[in-house]
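A.B. asks: predicted model and sequence follow; I will ask about them next.
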Amino acid sequence: MKRKIKIILGVVASFILIIIATTYIILINKTYKSEIQIDAISIEYSDITIVETSKEITFIPNENKITDDVLIFYPGALIEITSYMEIFSMLANEGITCIIVKMAFNLAITGKNKAARYMDDETKNYYISGHSLGGVMACSYALNSDGIKGIILLASYSDVDLSQKNIDVLSIYGSNDLILNMNNYNESFSYLPSNTIEYIIEGGNHSGFADYGLQNGDGENLIGNYEQKVITAERMKEFILG
């Protein structure tokens, strides 16, 4: 009897491992790969320092420009995080330290509380941002954190009520975005503080905040990814630095 139970448990364990392995392979194959490399970005933005570890990519401003502002970023679902490097290189060039957080399986839902590990200096002003699903998870983290000064949503929305929280919010999306669920976006706007700033990039789309190609089902980017990134970085800079 005991032997039969062990055999059954072994079969079940093997089945679970097969499911996990299969799911992992599917997710890896579905991941949108980055079209830019760290070496190329480091050459283009030579005034900043880019440091990659197993947990994050950090963009450190030149010591003559660095401010007390730190931006923590959660990437969109199944998007390779190096895709986002140009926007945060632009911001680091303006003195804002930026951190792109690595998530298991490239899904922010696996690590919504990871921002906490970077918020250990009371002299800093911490902001959190996210693209698509990453923005939803960033809001979820901010709900129970007293250390976040502001939230920046890129083609995203909040599914938790932040309306009574003393926090600044900037929401940006492209007019040609066909991925963002606008019903959810509009319905959830009441979850954000009344002073939330909304900025619509005319001609921009969902994929244009990064360099991973055109996401399946997205609208055409009429202004080009680079222009969308420039506009986004400028709005983010104004929001953070004033």
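C.D. replies: Happy to help now that I have it.
A.B. asks: show me where this protein has its strands.
C.D. replies: Assigned by DSSP state E, the strands in the chain fall at 49-52, 56-60, 69-74, 97-101, 125-131, 148-154, 168-174, 197-201.
A.B. asks: direction included, what does the fifth one pair against?
C.D. replies: Strand pairing for strand 125-131, determined by DSSP bridges: strand 69-74 (parallel), strand 148-154 (parallel).
A.B. asks: where in this structure is pLDDT low?
C.D. replies: With pLDDT under 70 as the threshold, the chain has low-confidence stretches at 1-29.
A.B. asks: quick check: the residue lying closest to Ile151 once chain neighbours are set aside vs Asn93, distance?
C.D. replies: Distance criterion CB to CB, 6 or more residues apart in numbering; nearest residue to Ile151, sequence neighbours excluded, is Val169 at 4.8 Å. From N, CA and C alone the C-beta is placed, and that goes for glycine too. Look at Val169 and Asn93: by CB to CB, to the nearest Å, they are 24 Å apart.
A.B. asks: have a look at those two and say which one is more surrounded.
C.D. replies: For Val169 versus Asn93, neighbours defined as other CB atoms under 10 Å are more numerous around Val169 (23 against 18).
A.B. asks: tabulate the strands of the chain (CSV), appending distance to Ala116.
C.D. replies: Output for the strands of the chain, formatted as CSV (distance: least, CB to CB, whole Å):
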stretch, distance to Ala116
strand 49-52, 20
strand 56-60, 13
strand 69-74, 10
strand 97-101, 11
strand 125-131, 10
strand 148-154, 10
strand 168-174, 20
strand 197-201, 26
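A.B. asks: ok, which of those strands comes nearest Leu107?
C.D. replies: Proximity of the strands of the chain to Leu107 was assessed by CB to CB; the nearest stretch is strand 69-74, lying at 10.0 Å.
A.B. asks: residues contacting the closest one, please?
C.D. replies: Here strand 69-74 makes contact (CB atoms under 8 Å, 6 or more residues apart in numbering) with 84, 88, 91, 95-101, 103, 108, 112, 114-115, 118-119, 124-131, 134-135, 137-138, 152, 236, 240-241.
A.B. asks: dump the residue contacts of Ile151.
C.D. replies: Taking CB under 8 Å, 6+ apart, one finds 127-129, 135, 138-139, 142, 158, 162, 167-170 in contact with Ile151.
A.B. asks: select only the buried ones of those residues in PyMOL?
C.D. replies: Buried members of the contacts of Ile151, identified by 16 or more other CB atoms under 10 Å, are gathered into one PyMOL selection as follows:
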select buried, resi 127+128+129+135+138+139+142+158+162+167+168+169+170
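A.B. asks: how far is stretch 177-184 from where the chain is centred?
C.D. replies: Here the centre of mass of C-alpha atoms in stretch 177-184, compared against the chain's by CA atoms, centre = their mean, to the nearest Å, lies 17 Å away.
A.B. asks: surely Thr82 touches Asp39?
C.D. replies: No. Thr82 is beyond contact range of Asp39, at 10.6 Å (criterion: CB atoms under 8 Å).
A.B. asks: which of these two has more neighbours?
C.D. replies: Thr82 (21 against 9).
A.B. asks: what about the residue nearest to that one when sequence neighbours are not counted, neighbour count?
C.D. replies: In space, and not counting its chain neighbours, Thr82 is closest to Ser34: 4.0 Å by CB to CB, 6+ apart. Each residue near Ser34 was counted by other CB under 10 Å, and the total is 18.
A.B. asks: on that earlier part again, and the gap between the residue nearest to Ile151 and Ser42?
C.D. replies: Counting by CB to CB, the gap from Val169 to Ser42 is 32 Å.
A.B. asks: got it, and Met137?
C.D. replies: The spacing between Met137 and Ser42, counted by CB to CB, is 28 Å.
A.B. asks: which of these two has more neighbours?
C.D. replies: Set side by side, Met137 and Ser42 show more neighbours around Met137, with 28 against 14, by other CB under 10 Å.
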